[in-house]
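Engineer: here is my input; please provide its structure:
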Amino acid sequence: MKSSRLYMAEQIFQKYRADYEALFGPMPALDDPKQFPALSAQATGCMPQDRTNPDPTCNGPFHGMPGDHAEFDGLTPANQIAVTTVVANVGKAIAAYERRLSCGQAPFDAWMHGNAAAVSHAAQRGAALFVGRGKCVQCHSGPFMSDQQFHNVGLTPALVQQAFVDTNDQGAGSGLAELIASPLNSKSAYSDGTDGRVPASVATSMAGAFRTPTMRCVSMRPTIMHTGQLGTLAAVVSFFNEGGSASHGYPGTNELAALGLSADEESDLVAFLESLSGPGAPADLQAVP
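Structural biologist: Next up, the predicted model:
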């Protein structure tokens, strides 16, 4: 929603109008340049001062979004609502598709349903650690192994994707504040309803806190942690066993404490985490329609 809403809506009109209208009804006249200025891919969104070496954040003018003092702000209030509605509806369609992308039944599930041979003895020992001395289940609970809450785990910023270091990231401390202030949150007129997850205010404990990820198919991820700075499950388990980084670089208070697990116990936890990977989403959901 922070990208070029106008450009996105115009692209949906040009390429997916029939699909959109079959679900959501008639689109606005986005092919009418008198109402909706036409934007190109080369002149939309952020226009960095140095386009060959842009900053991580926009340091130049932008086009097609609220506050641009240009195309979007020049639309009538009714047309601004129309454009935003198109983009919000597309977001709902993408979310509906993503909810169908399941990790699938894992060896762990077969074990839980009575197949004692479905996972290794090491994984079984790791499961006991996961819910016991490892304290993993305190955050990684439920069928998807996430409490869907925000936690501070004492991570020190490191290089991300060989490009930048994510320093002074307030995490949910700033993200939830933006969500509360957003006219597009689940309490807004663009929402189909709210489940009450948007808080009334931001607790101080949210500084440097990040949402607990699901552990389903975790062994299939190329990188781990919200920055992607750890590359193996062994490194992740070691990080949590040590109680987080020695020098905590993010704001807020680290919730972790050292666990005192042995090398063999760390290995058992990794074996358990590997047992949580299933076949992934069905092939028909991964194919281009």
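Engineer: helices along the stretch 101-250 of the chain, start to end?
Structural biologist: With DSSP state H, counting those that start in this stretch, the ranges of helices along the stretch 101-250 of the chain come out as 107-112, 121-131, 172-181, 233-241.
Engineer: can you give the contact residues for the third one?
Structural biologist: Going back to what we said before, that points to helix 172-181. The set of residues external to helix 172-181 that reach it, using Cβ atoms under 8 Å, 6 or more residues apart in numbering, is 150, 185, 198-202, 204, 206-211, 251-252. Where C-beta positions appear, they are placed from N, C-alpha and C, glycine not excepted.
Engineer: also the shortest one?
Structural biologist: The contact list for helix 107-112 (Cβ under 8 Å, 6+ apart) reads 118-119, 123-124, 127, 272, 275-276, 278.
Engineer: just to revisit the earlier point, redo the helices of the stretch 101-250 of the chain as CSV? Include distance to Phe62 and mean pLDDT.
Structural biologist: Formatted as CSV, the helices of the stretch 101-250 of the chain follow (distance: least, Cβ to Cβ, whole Å; pLDDT from 0 to 100):
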stretch, distance to Phe62, mean pLDDT
helix 107-112, 46, 97
helix 121-131, 45, 98
helix 172-181, 17, 93
helix 233-241, 37, 97
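Engineer: from the contacts of helix 172-181, which is closest to Val87?
Structural biologist: Nearest to Val87 out of these is Asn185 (Cβ to Cβ; 14.5 Å).
Engineer: who's in contact with the closest one?
Structural biologist: 179, 191, 198.
Engineer: the last one reaches Ser191, doesn't it?
Structural biologist: Pointing back at Val198 there. No: applying Cβ atoms under 8 Å, one finds Val198 not in contact with Ser191, separated by 9.8 Å.
Engineer: list the contacts for the nearest residue to Ala122 once chain neighbours are set aside?
Structural biologist: Nearest residue to Ala122 in three dimensions, chain neighbours excluded: Ala271, at 3.9 Å (Cβ to Cβ, 6 or more residues apart in numbering). Neighbouring residues of Ala271 by Cβ under 8 Å, 6+ apart: 119-120, 122-123, 125-126.
Engineer: so which of these is the most crowded?
Structural biologist: For the contacts of Ala271, the largest number of neighbours (other Cβ atoms under 10 Å) sits with Gly126, at 25 neighbours.
Engineer: with Leu179 as the reference, measure out to that one.
Structural biologist: 35 Å (Cβ to Cβ, to the nearest Å).
Engineer: what do you get for Thr76?
Structural biologist: 27 Å.
Engineer: between those two, who's got more neighbours?
Structural biologist: Neighbour count, other Cβ under 10 Å: between Thr76 and Leu179, Leu179 has more, with 17 against 9.
Engineer: tell me the secondary structure at the residue nearest to Ala122.
Structural biologist: Classification of Ala271 by DSSP: H, G, I helix; E, B strand; the rest coil places it in helix.
Engineer: list the contacts of the closest residue in space to Phe272 that isn't next to it in sequence.
Structural biologist: Nearest residue to Phe272 in three dimensions, chain neighbours excluded: Gly126, at 2.8 Å (Cβ to Cβ, 6+ apart). Gly126 is in contact with 268-273, 275, counting by Cβ under 8 Å, 6+ apart.
Engineer: give me that answer again for 7 Å
Structural biologist: 268-269, 271-272 (Cβ atoms under 7 Å, 6 or more residues apart in numbering).
Engineer: restricted to buried residues, select these in ChimeraX.
Structural biologist: Buried residues among the contacts of Gly126 (16 or more other Cβ atoms under 10 Å), as a ChimeraX selection:
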select :268,269,271,272
